[in-house]
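A.B. asks: below is the sequence, then the predicted model.
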Amino acid sequence: MPECRGCGVNSRHSWCEICEILVPHITGQDSNMIEGPEAVEAVRHELGHPDTRPNRIWSAIRRLDSSEAEWAMSAQPNNSITRIGGDPPEWEIDDGDQEIMDSGSIRHASTARRRRLQRGGILPDGSHLSWADGRFYLDGIPLDVPYHGLRKMMRRTRGIQNVDWKKLLLSVSLACTKHQTRRELRAGQHGRQTTIHPAAMMRLDGDPRRVPHFMRAMGLPRWGLPTERSRYRPDWFRGASWMDAWDSLRPLDVRDMDDMMIPMTLHIKNGRLQLRVRRNRGWKRLEVESHPLVWSLLVSWSLAPPRSDSHQRLRCLQQSLFADTEIDLISKEDRQGIKMLSGIIQENDNVDVDRANGGFVVKGTSGARYRVVPGVGGHNTRFVVNGIGHESGHRGRRERGAPPGWHQDRNSLCIVESPELRRLVIGDALSSITLSLLDDLKSQQYIDTLRGYIREVTPRTVDPQVAAVRQAENLRFRLRNNLAEYRTRRYTVLFPQLWGVMLRCPLGERMTFTAMRRGHPNVTFDGCETAFATEGQLERNVIYQMLEASGWQRDQHEERVRRTQRIYIRTGTGLQNLANRVEEFAGMLEPVLTVNQRVRLVANPVWSYFERNNPGIRALLPGTDQRLD
């Protein structure tokens, strides 16, 4: 049986199921995009066995006998426009122009320089290139241009006249376009270095045969991409070798989704064309030699279909040719970390590989279940841990009315990597968190989020009598928080009680009526413990009417002494028959107890709940010498 290319264990396929999950996070390359030694040696032989120095590899690419660059070396005359003011000058930029483009700001540029850049110039093939407000335009088409490298090539005297610069620069810009799906954005570190194949995305967006199911599967808008992402048209690249390769394929289908996800290859950064390659000390971005033949070949390989020999040649170049042959794609430490995690999974029945979600499912000693997925989590951890319920099948909140599968969409558990754990490779880090989750009852002592999650999902055996009491408490709680019940009690019980206190207080009693403070009473009395909190201007207006009707007046002298506004003193007892006054301020509360102008929350009118015969000065009624709420 062949060995796994990652950890070296026996496997039916090139990669075991654990390496298929971890290798993309270790290398930044999907496992099915990593080339074997035979393919790498074939490409090295094709290039003449250059050493790992970049200039030697660029020279080998220039000498390569390949027809894949011919599409960019046969210029088509593009200067067929007659201009009244004459043709623009040849395109060129100086050091000052480069500084403005590097900064991305035109704030410090002079008007004359901005006008000259906006006017642009003519490339050797007749196409017109200009720059305005931080963006290049080629014959009116917005694109990204590696202007540092282009400036170097324009200074050459040979080898640039027969280049189709328009097609080449558009192809370079397309090859550097990054498309990510929501699925890849959730993939963390691996997702940062992958993209939907830009050429396939261009064809898909302009293809009437595409279906909404495909776009939905890719996590993209159902009917295409935004204009900025879909500015390229396939007919601009007709005749290019990579475009012919796509035209020979069948129409794209949902089954092609995984094949369309490829590693990032070419980038434009600070005006330089860069190729992402693996060096002896890890992945780096190297500036590509400024030569039209090198650019055209790298672009042809990058934009070719993922399963083609051309694209495979580029992957071999990226992954192996810039690093020493004895440097493995996966380091010895990473291999040992994978083997350690593999041993834990094989020896423990409570850990399973979850290939569908690209992670592992762990069952702890508490019976709680977890999903561990490699990727960037909270606090920049290298893994994400989600709770997925309890082994018993009960889902904690599910018993209290939560929808099915609520654990699958819950927030991830916050588990922070210690400094010691961060120094380990990802395989060792996953092994450590897996062992902690296997013994979660012990681990909850130092991982607080585990304690709350275990308590939440563990089924509880409840005595029937206790359950009945809890149900009654729950019903009372729901009743207290019911808006209709709250309004009814407030305006048919609490306000009448406050009215009774106002009528019974002795002469000379003072009441303080301050501004509203949420959660705190703003109506207090000097001679009793009655306190009340108003809510809104309506209730304040009702209390003003109640004070006037029961013989209270504003005591401005006491306000100056206490330096407090709205202090009232009782100077009289009011009328004996208060029916008219009660109906007046009670009528202000009627609309609040009526829903949709038709449905009343109480059967009787509001005034029927208030005392209308003045009881005079006497003891307060039971239950009113306290806070009313």
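C.D. replies: Thanks, I have the structure now.

A.B. asks: count of residues packed around the closest residue to residue 335 other than its chain neighbours?
C.D. replies: Using Cβ to Cβ, 6 or more residues apart in numbering and skipping the chain neighbours, the partner closest in space to residue 335 is residue 7 (5.7 Å). Every residue, glycine included, has its C-beta placed from N, CA and C. Neighbourhood size, residue 7 [other Cβ atoms under 10 Å]: 24.

A.B. asks: you'd agree residue 7 is in a helix?
C.D. replies: No - when DSSP: H, G, I helix; E, B strand; the rest coil is applied, residue 7 is found to be coil, with no helix at that position.

A.B. asks: OK, contacts around it?
C.D. replies: Each residue near residue 7 by Cβ atoms under 8 Å, 6 or more residues apart in numbering is listed here: 16, 18-19, 335, 338-339, 342.

A.B. asks: strands along the stretch 201-350 of the chain, start to end?
C.D. replies: 261-263, 266-269, 272-279, 282-287 (DSSP state E, counting those that start in this stretch).

A.B. asks: for the shortest one, packing partners?
C.D. replies: Packed against strand 261-263, as judged by 3 or more Cβ pairs under 8 Å, 6 or more residues apart in numbering; DSSP states H and E, are the following elements: strand 194-196.

A.B. asks: ok, and for the strand it packs on, which residues are buried?
C.D. replies: 194-196 (16 or more other Cβ atoms under 10 Å).

A.B. asks: on that earlier part again, now render the contacts of residue 7 as a markdown table, adding pLDDT.
C.D. replies: Converted to a markdown table, the contacts of residue 7 look like this (pLDDT from 0 to 100):
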| residue | pLDDT |
| --- | --- |
| 16 | 82 |
| 18 | 82 |
| 19 | 83 |
| 335 | 85 |
| 338 | 87 |
| 339 | 87 |
| 342 | 88 |
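
A.B. asks: closest one of those residues to residue 549?
C.D. replies: residue 18 (81.4 Å; Cβ to Cβ).

A.B. asks: roughly how far does the closest one sit from residue 51?
C.D. replies: As judged by Cβ to Cβ, to the nearest Å, residue 18 and residue 51 stand 35 Å apart.

A.B. asks: out of the contacts of residue 7, which is most surrounded?
C.D. replies: The most crowded member of the contacts of residue 7, judged by other Cβ under 10 Å, is residue 338 (29 neighbours).

A.B. asks: quick one: that residue and residue 21 touch, right?
C.D. replies: No - assessed by Cβ atoms under 8 Å, residue 338 is found out of contact with residue 21, at 9.7 Å.

A.B. asks: min pLDDT across the buried residues of strand 194-196, which one?
C.D. replies: The member of the buried residues of strand 194-196 with the lowest pLDDT is residue 194, at 73.

A.B. asks: distance check, residue 174 against residue 233.
C.D. replies: In terms of Cβ to Cβ, residue 174 sits 10 Å off from residue 233.

A.B. asks: between these two, who's got more neighbours?
C.D. replies: Set residue 174 next to residue 233 and count neighbours by other Cβ under 10 Å: residue 174 wins out with 23 against 13.

A.B. asks: thought that one was touching residue 202?
C.D. replies: Yes - using Cβ under 8 Å, residue 174 makes contact with residue 202 at a distance of 6.6 Å.

A.B. asks: out of the strands of the stretch 201-350 of the chain, flag the one nearest residue 489.
C.D. replies: Using Cβ to Cβ as the measure, strand 261-263 is the one of the strands of the stretch 201-350 of the chain that comes nearest residue 489, at 60.7 Å.

A.B. asks: partners of that closest one, with directions?
C.D. replies: If you go by DSSP bridges, strand 261-263 pairs up with strand 194-196 (antiparallel).

A.B. asks: so, low pLDDT: which residues of the stretch 1-150 of the chain?
C.D. replies: Within the stretch 1-150 of the chain, the ranges that satisfy pLDDT under 70 run 1, 11-12, 28-29, 32, 75-86.

A.B. asks: that one: strands as residue ranges?
C.D. replies: Under DSSP E, counting those that start in this stretch, the stretch 1-150 of the chain gives strands at 121-122, 128-132, 135-138, 141-143.

A.B. asks: in JSON lines: those, plus mean neighbour count.
C.D. replies: Compiled in JSON lines, these are given as follows (neighbours: other Cβ atoms under 10 Å):
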{"stretch": "strand 121-122", "mean neighbour count": "17"}
{"stretch": "strand 128-132", "mean neighbour count": "20"}
{"stretch": "strand 135-138", "mean neighbour count": "17"}
{"stretch": "strand 141-143", "mean neighbour count": "17"}
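
A.B. asks: okay, the ones you listed in TSV with distance to residue 585 next?
C.D. replies: Listed next are the strands of the stretch 1-150 of the chain as TSV, based on distance: least, Cβ to Cβ, whole Å:
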stretch	distance to residue 585
strand 121-122	83
strand 128-132	70
strand 135-138	68
strand 141-143	69
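
A.B. asks: residue 609: how many residues sit nearby?
C.D. replies: Number of residues near residue 609 (other Cβ under 10 Å) recorded here: 18.

A.B. asks: what sits against it?
C.D. replies: 491-493, 495-496, 586.

A.B. asks: and residue 521, how far is that from residue 560?
C.D. replies: Relative to residue 560, and taking Cβ to Cβ, residue 521 is found at 23 Å.

A.B. asks: quick one, which of these two is more surrounded?
C.D. replies: Using other Cβ under 10 Å, the more surrounded residue of residue 521 and residue 560 is residue 521, with 17 against 10.

A.B. asks: show me the contacts for that one.
C.D. replies: Residue 521 is in contact with 531-533, 627, counting by Cβ under 8 Å, 6+ apart.

A.B. asks: show me what contacts residue 297?
C.D. replies: 61, 64, 66, 68-69.

A.B. asks: how about CSV for the residues you listed, with neighbour count and distance to residue 430 added?
C.D. replies: Below are the contacts of residue 297 laid out as CSV (neighbours: other Cβ atoms under 10 Å; distance: Cβ to Cβ, whole Å):
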residue, neighbour count, distance to residue 430
61, 22, 39
64, 16, 42
66, 17, 43
68, 19, 42
69, 23, 44
